[in-house]
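Q: Pasting the sequence and the predicted model now:
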Amino acid sequence: MFKITFQSKTTHEVEVDQETTLLAAAAKGGAGLNHRCGGHARCGTCKVEVLEGAEHLSEMGTAEGRILKVMKAAPEQRLACQAWATGDVCCKV
Ligand code: FES
């Protein structure tokens with residue numbers, strides 16, 4: 001069991017018991033992340049800033065890296081639909 005925390009105007013903490021994407025965890029916890037392309041690494045609307053626990057996220061794939069580069073994203077930013085968590089993570093929405 002581990003915890004994924006989403007910080008925005010309010011904080012949403014989601015307890016999960018298996019590997020999950022940040023987007024799925026956000027949906028489970030009511031964190032209200034946008035996901036216009038349906039989680040296919042095409043829109044970038046699910047971008048989050050990882051504050052803690054980056055070591056518990058999957059490696060960045062080609063599609064994710066490409067869209068984040070186009071968006072000129074900071075190194076700590078990830079696409080929630082592509083980042084799989086296996087441990088505690090805290091991110092800013
Ligand atoms: S939902 Fe579109 S890139 Fe993640």
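A: That came through fine. Being a predicted model, the structure only gives us computed values, none of them experimental.
Q: Residue 77 and residue 68 touch, don't they?
A: Yes. Using Cβ atoms under 8 Å, residue 77 is in contact with residue 68, at 6.3 Å. Just so you know, the C-beta spots here come from the backbone N, C-alpha and C atoms, and that holds for glycine as well.
Q: Please enumerate the shared neighbours of these two.
A: In terms of Cβ atoms under 8 Å, 6 or more residues apart in numbering, residue 77 and residue 68 are both contacted by the residues residue 47.
Q: quick one, which of those two is more surrounded?
A: Per other Cβ atoms under 10 Å, whichever of residue 77 and residue 68 has more neighbours is residue 68, with 20 against 17.
Q: mind listing what the more buried one touches?
A: 44, 47, 60, 77, 78, 79.
Q: With the ligand as the reference, measure out to residue 67.
A: According to Cβ to the nearest ligand atom, to the nearest Å, residue 67 and the ligand sit 6 Å apart.
Q: Around the nearest residue to that residue once chain neighbours are set aside, count how many other residues there are.
A: Residue nearest to residue 67 in three dimensions, not counting chain neighbours: residue 44, with 5.1 Å by Cβ to Cβ, 6 or more residues apart in numbering. Residue 44: 18 surrounding residues under other Cβ under 10 Å.
Q: contacting residues for the spatially most central residue of the chain?
A: Among the residues of the chain, residue 80 comes closest to the average C-alpha position under Cα atoms, centre = their mean, at 2.6 Å. Each residue near residue 80 by Cβ under 8 Å, 6+ apart is listed here: 21, 22, 23, 26, 33, 35, 46, 47, 48, 91.
Q: Flag the least confident of these.
A: The weakest per-residue confidence within these falls on residue 33 (91).
Q: Does that residue touch residue 23 like I think?
A: Yes. Using Cβ under 8 Å, residue 33 and residue 23 qualify as a contacting pair, with a distance of 5.9 Å.
Q: before we move on, the earlier item: closest one of the contacts of residue 80 to residue 14?
A: When the contacts of residue 80 are compared for distance to residue 14 (Cβ to Cβ), residue 26 wins out at 7.3 Å.
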